[in-house]
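Peer 1: coords please:
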Amino acid sequence: MFARPSRAAVGALAALSMLAVCAQAQVPQSEYAARRAALAAKLGDGVLVAIGAREPSKDYESFYQTPSFYYLTGFKEPDAALVMVKHKSDVQTTLLVLPRQPSREVWTGTRYGADGATKLTGLPSRAADQLRPLLDSLLRSEPTLYVVAEMSEKGEPLSIDAQLVQGLTAATKTKVVDANEIVQQLRGTKSPAELALIRKADSVTVSAQLEAMRAIAPGMNEFEVQALIEYTFRRNGADRPSFATIVGSGPNSTTLHYNADDRVMNAGDVVVMDIGASYDGYAADVTRTVPVSGTFTPEQRAIYQLVRDAQASAERNALPGMASRVMMDSAARTLAAGLAKLGLIEAADATFDGAPEGCGRETCQIPQYLLYYMHGLSHGIGLEVHDPDQFYLTGKLAIGSAFTIEPGVYVRASLLEGLADTKRNRALIARIRPAVEKYKNIGVRIEDDYAITPAGLEWLSKAPRELTEVEAAMREHATGVAPRDARMVESYKGARP
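Peer 2: As a prediction, the model looks like this:
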């Protein structure tokens, strides 16, 4: 039997791991150029415009670059655009950016300007106000305009980007082609440099999960845990949370996207922490469920182990070339069998009568396990917390896939109130009511991030997750925020010019 390592030893190993990740965690100019070349190869002759996020209307609001524009350029400033002209095998590319303007920069911070943008990206750059004249000129001789931008859905008011496109093409015969999906397809395969950034986001997120586990105690408010988590993100070089932090205890643990984070946590509660750091634009998404008192009750242990078994089942089927449906089905089968064993459903293959409004017709039969597990098992991660992945298009996992596995079971106290009033459902309610009462207000989700590499499945988010590991981490009482490694933070390359 091995002795359990000290917290100092674990911290030292974590720091070394983070430094190794940091050494690789950047995307070189050559990769952005390769992405643009891959996009151009999928287009016919014509002009492509990719439009970045607009500067917020109020200068005290936060700015975040649009993912596809950032994917193609690595440029983070607002009101930028990329123009590519393809004619046969020749491709000319220009980046348009806000100019240097000291009187404005006193409000918004220093800008790169055209010269600085060229040094940063390697692209010829011009002032952003030249975008419309440049496109007007190019479209006189090029009949096709490819657009990567925020385009409006039919019936909705035109977005700012759509207004620009409409203005460009109103008096011409230009054919407009939405190229957003092409870029999404390219983003579905993560490069080694992208995976290094996702690993870094996961390392920071795992640190925050550990800090939260050590700090949680009865009487704390959920927002205190949220604050500690987000402080740990920024302290370790992350840009921001990659989505709204979820800290849900007791009955809130059974709400999937609860993010009010404003309840006092009590002994006997579990708390779901669904969190993710964004590091240089790349997202992590890691969920842990822990007992507020530090020890799971027998009922909580039963639900927790079932969810962990479902996750392990999915992991075994997350292999290169494997259909993603296989891991999803295996997790669902495990959950259904376990819920039946706990008496929360009648049998693994049992159904209930769906309400007409949910069925789209008078009645329908719905698997009973969906009463407790109503969300998908997996989604891609990358520049967005729900990012494109290859299995969205091909149905299969492949090298370069980066994704989550996140089964869950949620026993809401009001669960039985939502069932349609039918004879069959009334009989079901009578059978399962004792179990629902026994397990009510227990919500458990376990979510991890993974990548498919040439070596197979890689688990990226190695926070404690087995029952005994979680309880052991919670016995490590908080002694203040863990020391950070200055070199790790210095490696972050998101600084302003």
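
Peer 1: contacting residues around the residue nearest the centre of the chain?
Peer 2: Centroid-nearest residue in the chain: residue 385, 1.6 Å away (criterion: Cα atoms, centre = their mean). Residues in contact with residue 385 (Cβ atoms under 8 Å, 6 or more residues apart in numbering) are 242-243, 276, 283, 285. C-beta here means a position set from N, CA and C on the backbone, and glycine is covered the same way.

Peer 1: That one and residue 331, how far apart?
Peer 2: As for residue 385, its distance to residue 331 is 20 Å (criterion: Cβ to Cβ, to the nearest Å).

Peer 1: And the helices in the stretch 101-250 of the chain, which stretches?
Peer 2: Assigned by DSSP state H, counting those that start in this stretch, the stretch 101-250 of the chain shows helices spanning 102-108, 113-121, 131-138, 160-169, 180-187, 192-215, 222-235.

Peer 1: Give the buried residues for the last one.
Peer 2: Applying a neighbour-count criterion of 16 or more other Cβ atoms under 10 Å, one finds 222, 224-226, 228-230, 232-233, 235 buried in helix 222-235.

Peer 1: So what angle separates the directions of it and helix 192-215?
Peer 2: 140 degrees (axes from the mean of the first three to the mean of the last three Cα atoms, to 10 degrees).

Peer 1: And the fourth one, by the same measure?
Peer 2: The directions of helix 160-169 and helix 192-215 differ by 160 degrees, with the same axes, to 10 degrees as the criterion.

Peer 1: and helix 160-169, average pLDDT?
Peer 2: What helix 160-169 shows for mean pLDDT is 80.

Peer 1: how about JSON lines for the helices of the stretch 101-250 of the chain, with distance to residue 444 added?
Peer 2: Compiled in JSON lines, the helices of the stretch 101-250 of the chain are given as follows (distance: least, Cβ to Cβ, whole Å):
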{"stretch": "helix 102-108", "distance to residue 444": "44"}
{"stretch": "helix 113-121", "distance to residue 444": "45"}
{"stretch": "helix 131-138", "distance to residue 444": "50"}
{"stretch": "helix 160-169", "distance to residue 444": "42"}
{"stretch": "helix 180-187", "distance to residue 444": "31"}
{"stretch": "helix 192-215", "distance to residue 444": "15"}
{"stretch": "helix 222-235", "distance to residue 444": "17"}
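
Peer 1: Return the most buried member of the ones you listed.
Peer 2: Mean neighbour count (mean count of other Cβ atoms under 10 Å) peaks for helix 192-215 among those, with a mean of 24.

Peer 1: Could you check how sure the model is about that one, as an average pLDDT?
Peer 2: Mean predicted confidence for helix 192-215 is 97.

Peer 1: show me what contacts residue 206?
Peer 2: Neighbouring residues of residue 206 by Cβ under 8 Å, 6+ apart: 14, 286, 461-463.

Peer 1: In stretch 389-400, which residues are buried?
Peer 2: Using 16+ other Cβ under 10 Å as the test for burial, stretch 389-400 gives 389-392, 396-397, 400.

Peer 1: Please name the residues that touch residue 257.
Peer 2: 244, 246.

Peer 1: for it, helix, strand, or coil?
Peer 2: coil (DSSP: H, G, I helix; E, B strand; the rest coil).

Peer 1: measure the residue in the chain sticking out farthest from the centre to residue 352 for me?
Peer 2: Going by Cα atoms, centre = their mean, the residue of the chain most distant from its centre is residue 423, 41.8 Å out. Look at residue 423 and residue 352: by Cβ to Cβ, they are 12 Å apart.

Peer 1: and if you look at residue 50?
Peer 2: From residue 50 to residue 352 the distance is 48 Å (Cβ to Cβ).
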